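# okay, sequence plus prediction incoming.
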Amino acid sequence: MEQDKEQHPKKRSYALPITLLLLVFSLTGNVFLYSQSLQGGLDKKYDKGKDVIGAATQAVDYYQAVLDDIFALLEGKTAEAGTVIRDAAGVADFVQQSHSFDEEDAFDPGSIYSYMIDVDNSVAYIKQQDGKLTAEQTEYLKSVQDVYTKQLTILKEFNFDADKNRSGTIQIGAGIGWLELANQLEQSIKEHQSSIKYSAQ
């Protein structure tokens, strides 16, 4: 009997190695899919960050152009011809981007556009008048200058250097470090919306 056992050794089972091999393949696949999903999420945040930075940059250009225009008028100099309203979209886009983090937070950019159009039309109207500025015109321009300076100051707190590297842009795309600025800007616009139009038009 002992000789029979020696002549017929037990066959090695391959079930365990195969199971382990399949487990390794499964884990590798899951890790790959997870890394792809993670990379896709980072790419979306990077793209969003670029959009936010672009909107903030355009918004700063808008405010600065209007303030330069007003300063020229107050100094009795020739203001730049044409309109700066082309960059106003940056203001609305910047605020709208902040609302995009909450799907239930509906945002209508119409009120912001209306606010900026009122300023643009009012400044354009004053430009068209002959002679020196009246006391009323001067008062209006100084009031807009004050409001727009404050709103520009809010925007200048934005981290524009974030676009110098991918991680900084991704942080912006994730809503880090600027949502409160957008909220402050929006609240300031709402606060002055009813009084921003030149009454003599």
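Structure's in. What do you need? Just so you know, these numbers come straight off a predicted model, no measurement behind them.
# quick one, what contacts Ser100?
Lys48 (Cβ atoms under 8 Å, 6 or more residues apart in numbering). (C-beta placed from N, C-alpha, C; glycine too.)
# any idea how far it is from Val52?
9 Å (Cβ to Cβ, to the nearest Å).
# now Thr19
Between Thr19 and Val52 the distance is 49 Å, computed by Cβ to Cβ.
# between those two, which one's more packed in?
Val52 (25 against 10; other Cβ atoms under 10 Å).
# what residues sit buried inside stretch 92-112?
For stretch 92-112, the buried set under the neighbour-count rule, 16 or more other Cβ atoms under 10 Å, comprises 92-99, 107, 112.
# which one of these sits closest to Glu180?
Nearest to Glu180 out of these is Ser98 (Cβ to Cβ; 8.9 Å).
# which residue is the nearest non-sequential neighbour of that closest one?
Computed as Cβ to Cβ, 6 or more residues apart in numbering, the closest residue to Ser98 that is not its neighbour in sequence is Ala182, at 3.5 Å.
# and the one you found, what does it touch?
94-95, 97-98.
# name the helix or strand for it, please.
helix 179-192 (DSSP states H and E).
# do Asp130 as well
Residue-wise, Asp130 maps onto no helix or strand under DSSP H and E.
# against Asn183, how distant is it?
Distance from Asp130 to Asn183, by Cβ to Cβ: 42 Å.
# out of the two, which sits in the busier spot?
Shown here are Asp130 and Asn183; by other Cβ under 10 Å, Asn183 has more neighbours (14 against 4).
# with Asp102 as the reference, measure out to that one.
12 Å.
# before we move on, what about Ala65?
Noted for Ala65: a distance of 31 Å to Asp102, by Cβ to Cβ.
# for Val95, same thing?
As defined by Cβ to Cβ, Val95 lies at a distance of 13 Å from Asp102.
# out of the contacts of Ala182, which are inside helices?
Secondary structure from DSSP state H places 94-95, 97-98 of these in helices.
# report the central residue of this structure.
The centroid of the chain falls nearest to Val52 when counting by Cα atoms, centre = their mean (2.5 Å).
# would you agree that residue is in contact with Gln96?
No: with contact defined as Cβ atoms under 8 Å, Val52 does not reach Gln96; the gap is 10.1 Å.
# count the neighbours of Gly175 for me.
Close neighbours of Gly175, defined as other Cβ under 10 Å, add up to 18.
# just want the phi and psi numbers for it.
Main-chain dihedrals, Gly175, degrees, to the nearest 10: phi 90, psi 20.
# with Ala106 instead?
Per degrees, to the nearest 10, the backbone of Ala106 is at phi -70, psi 140.
# any idea how far it lies from Arg166?
Ala106 is 32 Å from Arg166, by Cβ to Cβ.
# same thing with Ala89?
For Ala89 relative to Arg166 (Cβ to Cβ), the value is 26 Å.
# next, format the ones in helices among the contacts of Ala182 as TSV and append pLDDT and distance to Ile170.
Shown next, in TSV, are the ones in helices among the contacts of Ala182 (pLDDT from 0 to 100; distance: Cβ to Cβ, whole Å):
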residue	pLDDT	distance to Ile170
Phe94	97	18
Val95	96	21
Gln97	95	15
Ser98	94	17
